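In: Predicted model follows, preceded by the sequence.
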Amino acid sequence: MFDIEKILSHVLYDPKDPVLFNSAFFLYFFAFFLLCYQLVAHNQRGRVWVFTIFSLYLFYKACNEYVLLVILSAIVDFNLSRWINDLKTPWKRKWLLAFSIVINVGVLFYFKYTNFFIGIMNDLSVGHFTPIHVLLPIGISFYTFENLSYTIDVYRKEIKPVTNFMDYLFFLSFFPKLMMGPIVRAADFLPQIYKPYHLTKEDVGRGLFLIMGGLFKKVVISDFIYQNFVQYIFDDPSRHTGIECLMGVYGYALVIYCDFSGYSDMAIGIARWMGFVVPPNFDKPYRSSSITEFWRRWHISLSSWLKDYIYIPLGGNRKGKFRQQVNLMLTMLIGGFWHGANWNFIFWGGMHGGALAVDKVWIKWQKARTFLKTNTVAAKLWKLGGILFTFHFVCFCWIFFESKTFGDSWTLIHQVAFDFQGNLWKDLLTGYTAVFILMAIGYIAHFLPYKVEFKLEKYLEKLPVWASIVVMVAFIWCIIQVKTTEPMIPIYFRF
């Protein structure tokens with residue numbers, strides 16, 4: 001007989017059982033979804049309905065009744081965008097756009113920033129307000145930005161609004177990217193809905209490569225390094241020597257990259273199998289030789305969103321050098337605040353904003369140096385120096401990003417500066433051998449030439465479907481054998 005209670009415990013929302021791409025539930029969910037999707041693959045409306053229903057169900061499994069927020073926000077912006085498009089009076093269109101922005105930002109503000117500002121008012125003795133008990137809905141920062149970009153693009157007449165509500169709900173709830181991004185533009189995604197479903201060998205190979213690579217980065221590298229080393233350092237840096245803290249920072253730089261880029265790769269790979277091309281979200285960011293280049297390679301969907309909807313509307317570089325630097329600082333402060341209601345995030349954004357402003361001046365100085373335009377040893381060494389400096393600046397900023405308080409950030413920095421104890425490096429390597437082996441593998445893979453990945457991807461493309469399935473199943477089995485006992489909640493679930 002079927003155990004109804006046990007079945008319901010698996011299919012209903014359970015706050016103790018998070019939905020992760022590497023969880024057993026998701027494998028069953030995805031297998032059933034693939035079956036249903038293939039049955040309607042060549043029916044455009046059928047694909048939209050099946051994908052949307054499965055997406056909303058998965059989101060329900062992740063955050064219960066907050067799935068209604070996705071539906072409600074889709075209803076609001078679907079209608080507002082159509083009204084904005086139909087109106088001819090400029091001031092009415094502006095008011096409707098402003099209303100859309102207020103609604104979207106207001107909902108995000110309520111869930112994400114209310115208690116932060118209550119704390120500020122209490123600290124300033126403006127009054128004594130009791131913090132409210134509110135849970136942050138998973139993915140709200142991502143789909144709010146997608147809503148905003150869609151309505152703004154319609155207002156700018158860069159895209160036409162969709163006429164079918166289910167198409168917009170499908171775009172907003174698309175499950176591969178709903179909970180953790182990438183932030184997908186409607187202009188890139190919506191036209192793909194109406195194209196016939198056609199899966200090529202390139203799609204299969206590319207999707208398989210991204211999914212396997214993403215699983216490896218997330219489960220094998222990120223989870224293991226964090227749970228077996230990095231979390232100990234950041235939980236209480238005062239208990240660790242400077243060399244431990246420094247290696248913890250290097251470890252965290254790899255953890256956050258492999259965690260987020262791994263999930264992004266899986267999302268893009270799954271989308272590719274469904275016939276949708278989602279732009280890449282990471283491009284080996286630690287190979288950057290400047291902070292400007294870093295932000296072209298790191299969380300590309302957020303970087304481009306901030307550029308198009310914050311930096312350029314503020315004036316970009318059109319109003320003089322000083323104003324450009326102010327705009328860069330404001331944009332990155334907003335980017336830091338987007339990550340969370342915490343002074344550490346604002347400080348992190350401010351440091352990156354300041355670095356971008358300085359970098360604009362530095363880039364201009366470099367352009368005047370003729371030796372940098374050649375392919376000489378000096379030019380290569382200069383670039384290497386830029387990579388090392390940029391990487392260490394980014395690592396320094398990660399300290400504030402990950403630490404729970406300012407105090408913890410400065411404690412960690414103090415340990416590195418004044419209690420380094422470099423003579424303990426052998427003991428450290430002996431105690432965390434597996435961790436440092438995985439760190440070496442992660443960084444080596446990150447700096448491998450693109451052609452290595454290209455060859456592997458091309459090899460996967462040549463496999464027949466049955467062989468691709470065998471490779472995928474075998475790879476997942478191997479992942480299960482080495483993954484940590486407790487699944488690590490993705491870092492960007494917080495945002």
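Out: All right, it came through fine. Note that this is a predicted model, so its numbers are computed, not measured.

In: Show me the domain layout of the protein.
Out: Using automatic domain parsing, the domain parsing of the chain gives 13-198, 202-282+369-494.

In: mind checking how far Ala74 is from Asp167?
Out: As judged by C-beta to C-beta, to the nearest Å, Ala74 and Asp167 stand 10 Å apart. Every C-beta, even on glycine, is put in place using the N, C-alpha and C of the backbone.

In: Next: His339.
Out: For His339 relative to Asp167 (C-beta to C-beta), the value is 30 Å.

In: is it true that Pro196 touches Arg47?
Out: No - Pro196 lies out of contact with Arg47 (C-beta atoms under 8 Å); the separation is 10.1 Å.

In: show me where the stretch 1-150 of the chain has strands.
Out: Here the stretch 1-150 of the chain has no strands by DSSP state E, counting those that start in this stretch.

In: which residues in it form helices?
Out: 4-11, 24-39, 44-63, 67-86, 90-123, 140-155 (DSSP state H, counting those that start in this stretch).

In: Nearest to Arg239 among those would be which one?
Out: Nearest of those to Arg239, taken as C-beta to C-beta: helix 90-123 at 27.6 Å.

In: tell me the angle of that closest one relative to helix 67-86?
Out: Angle, helix 90-123 to helix 67-86, by axes from the mean of the first three to the mean of the last three C-alpha atoms, to 10 degrees: 150 degrees.

In: got the buried residues for helix 90-123?
Out: 93, 96-97, 100-101, 103-104, 107-108, 111-112, 115-116, 118 (16 or more other C-beta atoms under 10 Å).

In: again with stretch 73-86
Out: Buried, per 16+ other C-beta under 10 Å, within stretch 73-86: 73-74, 76-78, 80-82, 84-85.

In: if we take those, which one ends up nearest to Ile268?
Out: Closest approach between these and Ile268, by C-beta to C-beta: Ala74, at 22.4 Å.

In: Leu412 against Glu244, yeah?
Out: No - Leu412 lies out of contact with Glu244 (C-beta under 8 Å); the separation is 9.9 Å.

In: Tell me the residues that contact both of the two, please.
Out: Ile233 (C-beta atoms under 8 Å, 6 or more residues apart in numbering).

In: one step back: out of the helices of the stretch 1-150 of the chain, which gets nearest to Pro313?
Out: Of all the helices of the stretch 1-150 of the chain, it is helix 140-155 that lies closest to Pro313, at 8.9 Å by C-beta to C-beta.

In: which residues are in contact with stretch 103-123?
Out: 69, 73, 76-77, 127-132, 134-137, 140-141, 144, 147-148, 151, 337, 340-342.

In: Run through this protein and note the low-pLDDT ranges.
Out: 1-10, 18, 22, 123, 125-127, 370-372, 480-487, 494-495 (pLDDT under 70).

In: Please report how far the residue lying closest to Lys61 once chain neighbours are set aside lies from Phe493.
Out: Using C-beta to C-beta, 6 or more residues apart in numbering and skipping residues adjacent in sequence, the residue nearest Lys61 is Val19, 4.9 Å away. To Phe493, Val19 is 10 Å away according to C-beta to C-beta.

In: Could you name every residue contacting both of those two?
Out: Jointly contacting Val19 and Phe493 under the rule C-beta under 8 Å, 6+ apart are Met179.

In: quick one, helices of the stretch 301-450 of the chain?
Out: Remark: helices assigned in the stretch 301-450 of the chain by DSSP H, counting those that start in this stretch are 312-314, 321-339, 343-367, 377-402, 406-418, 425-431, 433-446, 450-462.

In: looking at these, which is buried most?
Out: A comparison of those by mean neighbour count, using mean count of other C-beta atoms under 10 Å, puts helix 321-339 on top with a mean of 19.

In: circling back to that earlier point, can you say which of the helices of the stretch 301-450 of the chain is nearest to Leu172?
Out: The closest of the helices of the stretch 301-450 of the chain to Leu172 is helix 321-339. By C-beta to C-beta, the value is 18.2 Å.

In: quick check: angle from the closest one to helix 140-155?
Out: 130 degrees.

In: Thank you kindly, that will do.
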